[in-house]
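Participant: got a predicted structure plus its sequence, pasted below:
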Amino acid sequence: MANPANWTIHIGLVVRQCATLLGARALFEQGGRTDAVIRFPEQTLSYVEWEWKRAHTDINEFEKLLKRADDAVFQTFIGYTRVNELQMALERIHGVWEQADKPLLVFLVTYEWHGRSRYFQELKTYEFARGRYKHVRSQPALPWLVNRKTYNNVGEDA
């Protein structure tokens with residue numbers, strides 16, 4: 001079962017691990033209450049926002065990232081959407097980001113609602129840039145459901 005506190009801690013740990021793998025540092029609650037900043041000593045790679053509420057609702061994370069777009073190489077959003085509301089979430093993000101000069105990397109966890117619980121389905125990755133967006137990748141949201149053989153054998157464009 002997922003709840004906001006557990007997933008906020010989890011996301012923070014993942015952001016820190018990603019920054020470390022890149023040779024950068026993750027700083028939390030920096031720069032006007034940004035959830036995280038991934039930074040090299042001389043350059044900010046990305047401001048990172050995440051939100052438990054559904055991505056197409058009245059959240060202000062996209063606007064916060066847009067205000068900081070010129071201060072980083074790209075921006076990152078991690079959020080959630082019901083499977084049947086995915087298109088609404090993408091349209092909401094596109095509406096805010098279509099005039100931005102820098103890219104936005106979006107990770108959306110889709111879920112089904114059963115009773116009072118979210119059942120995570122997929123982790124979908126999108127890139128919003130140059131007035132468009134494209135789907136980059138999908139995988140099961142829960143790591144124990146990922147077929148490692150499938151993802152380890154995917155060819156890479158070199």
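Facilitator: Good, I have the coordinates.

Participant: return the helix or strand in the protein with minimum mean pLDDT.
Facilitator: Each helix and strand of the chain was given a mean pLDDT (mean pLDDT, DSSP states H and E); the minimum falls on helix 148-152 at a mean of 65.

Participant: how close does the nearest residue to residue 141 once chain neighbours are set aside get to residue 63?
Facilitator: In this structure, residue 141 finds its nearest non-sequential neighbour in residue 120, 3.7 Å apart by Cβ to Cβ, 6 or more residues apart in numbering. C-beta coordinates here come from the backbone N, C-alpha and C atoms, glycine included. According to Cβ to Cβ, to the nearest Å, residue 120 and residue 63 sit 26 Å apart.

Participant: higher neighbour count, those two?
Facilitator: Neighbour count, other Cβ atoms under 10 Å: between residue 120 and residue 63, residue 120 has more, with 16 against 11.

Participant: enumerate every residue touching that one.
Facilitator: Counting by Cβ atoms under 8 Å, 6 or more residues apart in numbering, residue 120 touches 2, 109, 110, 111, 141, 142.

Participant: for the fifth one, give its distance to residue 6.
Facilitator: From residue 141 over to residue 6 the distance is 14 Å, taken as Cβ to Cβ.

Participant: for the two, indicate the residue with more neighbours.
Facilitator: Remark: of residue 141 and residue 6, residue 141 carries more neighbours, 19 against 10, as counted by other Cβ under 10 Å.
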